[in-house]
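# Got a sequence here, can you build the structure:
(one chain, ligands or ions: 2)
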Amino acid sequence: MFTPPARAELIRVVDPVAGLPPALQHALDEQGFDPIPRPGPHDWLASHPGPGQTFAAFLARRPPSPDPARRVLYLQPFGPFDTGQEPPVDLLSRFAAAFFALEAVVLPTAPVTGVTIRINSQTGQPQLLTRDLLALLADQRPAGACCIVGITMDDLYPDPAWNFVFGEASPRDWAGVYSFARYLPGEAGPAAASLLLRRACKVLAHETAHLLGIAHCVFYSCLMNGSNHLAESDARPLHLCPVDLRKLQHSIGFDVAARYRRLLRSPATPASPMRPGGSPRNCCTSSSTRPAPERQHVHQAERVPCLHRSRDRRTRPDSGDLSPRAVPRRRRADPTARSGCLTGRVPGDPAVGS
Ligand SMILES: [Zn+2]
Ligand SMILES: [Zn+2]
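Ligands and ions are numbered 1, 2, ... in the order given. Got it, this is the predicted structure:
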């Protein structure tokens with residue numbers, strides 16, 4: 001049974017901050033953040049109660065970090081990406097640039113030529129093989145890329161044994177690919193568009209942070225919390241806790257106050273205030289506004305950082321955690337699908353996240 005850490009533990013996991021610039025010390029003040037809530041029976045930590053990744057543990061992994069020659073985050077849409085259901089890629093790019101304090105560049109939409117496609121037996125919809133997309137991304141990664149992230153509105157699968165996967169990352173290639181198809185709210189209108197954009201920003205930031213070596217968070221209510229189902233994903237905030245903020249700041253070396261100011265100006269985060277140098281408490285996606293649990297499937301899985309995947313029920317018995325989930329308007333509900341975010345192993349680090 002997972003027990004939220006005590007305050008003394010929260011202070012320890014950030015590591016001594018003496019000697020850091022005053023603004024950074026202020027930004028890392030643990031009193032400005034909400035502790036992680038006690039998990040419900042179907043939440044991530046109920047089934048993955050790992051010890052968490054302290055700042056010291058993060059450093060011990062020798063995680064990859066952008067260097068002066070590689071400071072561009074590339075977004076690669078895979079077509080078609082103009083069906084009217086997708087989140088605005090320009091807003092995604094501006095959010096990513098602000099969140100990671102890096103340059104973000106959107107590459108021209110690429111065709112999925114040469115990518116293995118199958119028709120999902122449950123939904124009747126086409127799915128793209130992630131392995132082929134990751135190979136394309138690795139081949140096409142520009143020289144100045146710190147990472148390249150493929151995005152698609154098509155459903156994904158990692159191999160024939162799996163029903164679907166939200167995304168898959170290849171830390172070795174600094175590449176990941178994620179689908180927004182299963183994040184569609186299932187309805188139209190400004191509120192739905194805002195929800196899709198927020199979900200898209202979350203998954204982009206969460207998965208890219210995994211590519212930088214940041215594992216799932218068990219200390220605070222945090223963007224890097226693991227997620228077992230869509231309601232849990234929706235409940236986690238769009239900001240990083242002090243532990244993971246310190247990891248990201250160490251990796252990229254940004255001015256923390258300037259980053260918060262840039263995030264405040266980002267049109268993708270108007271409803272997620274992050275006060276510069278201070279507390280992101282009361283963020284619109286904090287646990288205080290956690291939506292009521294939805295009857296959505298649970299169990300998320302990812303082999304490498306956030307390989308969100310779902311086993312086909314026919315090849316692996318149901319663990320009893322299945323329930324209907326929101327699906328794109330053009331898709332049928334898939335009651336047999338299991339999906340999720342099970343952080344797996346990164347090369348050279350068998351202990352990373354879960
Ligand atoms: Zn965290
Ligand atoms: Zn994850």
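# can you tell me how far the closest residue to Ile117 other than its chain neighbours sits from ligand 2?
Spatial nearest neighbour of Ile117, excluding adjacent residues (Cβ to Cβ, 6 or more residues apart in numbering): Pro126 at 5.2 Å. To be clear about C-beta, it is placed using only N, CA and C from the backbone, and glycine gets the same treatment. Distance from Pro126 to ligand 2, counting by Cβ to the ion, to the nearest Å: 25 Å.
# Ligand 1 contacts on this protein?
Within the chain, the positions near ligand 1 by Cβ under 5 Å from the ion are Cys217, Tyr220, Cys222, Met224, Cys241, Asp244.
# want to throw those into TSV with distance to ligand 2, secondary structure and neighbour count?
Listed next are the residues of the chain next to ligand 1 as TSV, based on distance: Cβ to the ion, whole Å; DSSP: H, G, I helix; E, B strand; the rest coil; neighbours: other Cβ atoms under 10 Å:
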residue	distance to ligand 2	secondary structure	neighbour count
Cys217	9	coil	24
Tyr220	15	strand	27
Cys222	11	coil	26
Met224	7	coil	27
Cys241	14	coil	28
Asp244	12	helix	25
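# ok, so of these, who is nearest Gly167?
Nearest to Gly167 among the residues of the chain next to ligand 1 is Met224, at 15.3 Å by Cβ to Cβ.
# what's the closest non-adjacent residue to Gly52?
Val218 (3.7 Å).
# all helices of the stretch 151-300 of the chain, in order?
Ranges of helices within the stretch 151-300 of the chain are 190-211, 230-235, 242-252, 256-265, based on DSSP state H, counting those that start in this stretch.
# which intervals of the stretch 251-354 of the chain have sub-threshold pLDDT?
268-354 (pLDDT under 70).
# possible to save the residues of the chain next to ligand 1 as JSON lines with pLDDT?
Below are these laid out as JSON lines (pLDDT from 0 to 100):
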{"residue": "Cys217", "pLDDT": "94"}
{"residue": "Tyr220", "pLDDT": "93"}
{"residue": "Cys222", "pLDDT": "95"}
{"residue": "Met224", "pLDDT": "94"}
{"residue": "Cys241", "pLDDT": "95"}
{"residue": "Asp244", "pLDDT": "96"}
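# Work out the gap between the host helix or strand of Leu91 and the centre of the chain.
Using DSSP states H and E, Leu91 maps to helix 89-100. With Cα atoms, centre = their mean, to the nearest Å as the basis, helix 89-100 stands 14 Å off its chain's centre.
# Sort out which residues of the helix or strand just after it are buried, please.
Using DSSP H and E, the helix or strand that follows helix 89-100 in sequence is strand 103-106. Across strand 103-106, burial judged by 16 or more other Cβ atoms under 10 Å covers Ala104, Val105, Val106.
# quick one: pLDDT of the residue nearest in space to the middle of the chain?
Central residue of the chain (Cα atoms, centre = their mean): His206, 2.5 Å from the mean position. We have a pLDDT of 91 for His206.
# Run through who's touching the helix holding Leu91.
Identification of contacts with helix 89-100 by Cβ atoms under 8 Å, 6 or more residues apart in numbering yields 73, 75, 77, 81, 102-106, 151, 197, 200-201, 204-205, 208, 248, 252, 259, 262-263, 265-269.
# The same query, at a cut-off of 6 Å, please.
73, 75, 77, 104, 106, 200-201, 204-205, 262-263, 266-268 (Cβ atoms under 6 Å, 6 or more residues apart in numbering).
# Out of these, which is nearest to ligand 1?
Taking Cβ to the ion as the measure, ligand 1 lies nearest Ala205 of the contacts of helix 89-100, at 12.0 Å.
# how many neighbours does that closest one have?
For Ala205, the neighbour count with other Cβ atoms under 10 Å is 22.
# For burial, what's the neighbour tally of the closest residue to it other than its chain neighbours?
Closest residue to Ala205 apart from its sequence neighbours, by Cβ to Cβ, 6+ apart: Phe99 at 5.0 Å. Look at Phe99: counted by other Cβ under 10 Å, it has 27 neighbours.
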